[in-house]
Structure formats: structure tokens, C-alpha cells
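Q: Quick check, what structure comes out for this input:
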Amino acid sequence: MNPTVEDILFSLERIAPAATAEDWDNPGLQVGNPSLEVRKILTSLDPALAAVKEAARREAQLLLTHHPLIFPSLSSINRKIHPGDVIFEACEAQIAIAAAHTNLDRAQGGINDMLASLLHLKNIEVLQETSMPSHGSLGRIGDLPEPEHLLSFAQKIKHLLGLEILGLSGRGETPLKRVAVVGGAGGSLVPLASSMGADVLVTGDVSHHEALRAMTLGLALIDAGHFETEKKAFALFAARFKELLGREGWDVVIETFEEEKNPMQWVR
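A: Residues are numbered from 1 along each chain as shown. Below you'll find the predicted structure:
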């Protein structure tokens, strides 16, 4: 039995309710027909043109992404300008696009839980509680199985996430035990991570001033990139979501766009 796009979104809503997303966010159906039958889903961190083309090549009916295609309201849709190029391509290929963004970041078993699991953290707790428990929580904090130095831990993250380069703030010999993680851009949580007893914060998109604040607080920072801190975690979530759909009795194939590239490239 094959579900519709609407059925898939209903299952996703039970894991990561759209109401828990940030006010500025836009999760849910971005493009497509809710009644479209789904036999295959392709997952991708970004709703880029290459991802839609790959979904068409693999004969997928739904492209499930972490980042939404449409953030601000659109005043026009131009095929030559993003996101118009993606919208036209998806409509012509009859591929629906849906996103689970900050609602999935906050969800139990979502992006931040997957990232904490990748780093083998123990005694995991929520980093930032929300005023409403039903709205989930942001970031995670936990303990390393064994203490290690900042530089060796950073090298381990490079290998784990497939990085050639990362940002590091702190002395390489700094001993680490307690680690805070925030997938994507989490530099604003530097003060909170420090107050929660973290020795290091692993996140992406750290600004100059956030790094200075961390230095003042004695908190080490590892900037492993916005794309990289979410891509592998989102792929792990996709595997979990496939199991959930199977328990619903739905025969849906879920594949990951492994060849997806970071839109930012760093030159050595």
C-alpha cells in the first residue's frame, strides 16, 4: 500500500509538529500535489535544483529536505532565478517537495539527537528548553565516553563528518568531557552552553563575535559547518523515518542524495 504526500506529511507531523518551528520558519509542503501517491522518497538537506533532478532520475515522487525551499513570501516565480528554477523543475517532473526544519531540530529523535548520537555522547540532556514543553527543545549536551583533548576531538569530528577543514577556538590541549551540540547555526547559544557546564560547543556558522564571547567564557568552539553538522544527521533521521512508515504498513523506498554538495566551497 502506498501513501500520498499528505499521508507522509501527517506521519512527519507526529514526529516534528510544524507548530514547534520558529516563527520565521516555513516547514511542510513547499511544492506539489498533496494527493500524489508516493512510492519513493529522496532526502536531501537542501532543495536545490540538482536534488530535484536526482529525484526525477531515481523516479521519486517526493523530495524531503531539511531546509525549506520558500522562506520569505514570493513576489514572483522566475525560472531563471532560485527558487523559481526548482519550482518549475519539480512541477514539470511531478515531484512534491516538503521540508522539516526547526521543528525537526527541536524534535526528540531529530537533528540534534542524531548529532549527539554520532558523537557517541552519554547522559544526553536538552540544551535549551522552550517555555512550552510541547514545542520541543533546541540543542543537546552530554558527556564523552572518555575525556580527550580538544585537538584530537576536532580531528575525530573531521573524520566523522567527512570534513577537510573546520574552525577551532580554544587551546588544542584543552581537556574535554562535556560537549554541547547544535546542528546548523548555533553560535547564539554560546552563553547557554557555557552556563550548562559544556567544555566545547560543536555547531556551524559561528560568527567572529560569538567566538570572542566563547573565548571570554572559557568555552572551546568547533565550527564544523552548517551543511556538515546537519547532512549526516538528516540522513540518520531518514533511516528512522523509513522504519516508522514501515510500521504504518506503507511500502515506501527512502533514499538519500549522498552526492549533495555544500553550496560553499573552501579553498586551501
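
Q: leaving aside the residues next to it on the chain, what's closest to residue 259?
A: residue 54 (7.5 Å; C-beta to C-beta, 6 or more residues apart in numbering). C-beta coordinates here come from the backbone N, C-alpha and C atoms, glycine included.

Q: again with residue 85
A: That would be residue 49: by C-beta to C-beta, 6+ apart, it lies 5.2 Å from residue 85.

Q: Counting neighbours, what do you get for residue 73?
A: A count of neighbours around residue 73, defined by other C-beta atoms under 10 Å, yields 6.

Q: Revised request: answer the last question for residue 39.
A: Here the number of neighbours of residue 39 (other C-beta under 10 Å) works out to 14.

Q: The closest residue to it other than its chain neighbours: how many residues sit nearby?
A: Residue nearest to residue 39 in three dimensions, not counting chain neighbours: residue 2, with 5.4 Å by C-beta to C-beta, 6+ apart. Close neighbours of residue 2, defined as other C-beta under 10 Å, add up to 12.

Q: how about residue 2, what does it touch?
A: Counting by C-beta atoms under 8 Å, 6 or more residues apart in numbering, residue 2 makes contact with 37-39, 250-252.

Q: Among the residues you listed, which one lies nearest to residue 172?
A: Residue 172 has its nearest neighbour among these in residue 252, at 46.0 Å by C-beta to C-beta.

Q: hang on, that closest one packs against residue 241?
A: No: judged on C-beta atoms under 8 Å, residue 252 makes no contact with residue 241 at a distance of 9.4 Å.

Q: isn't residue 262 right up against residue 224?
A: No: counting by C-beta under 8 Å, residue 224 is not a contact partner of residue 262; they are 11.5 Å apart.
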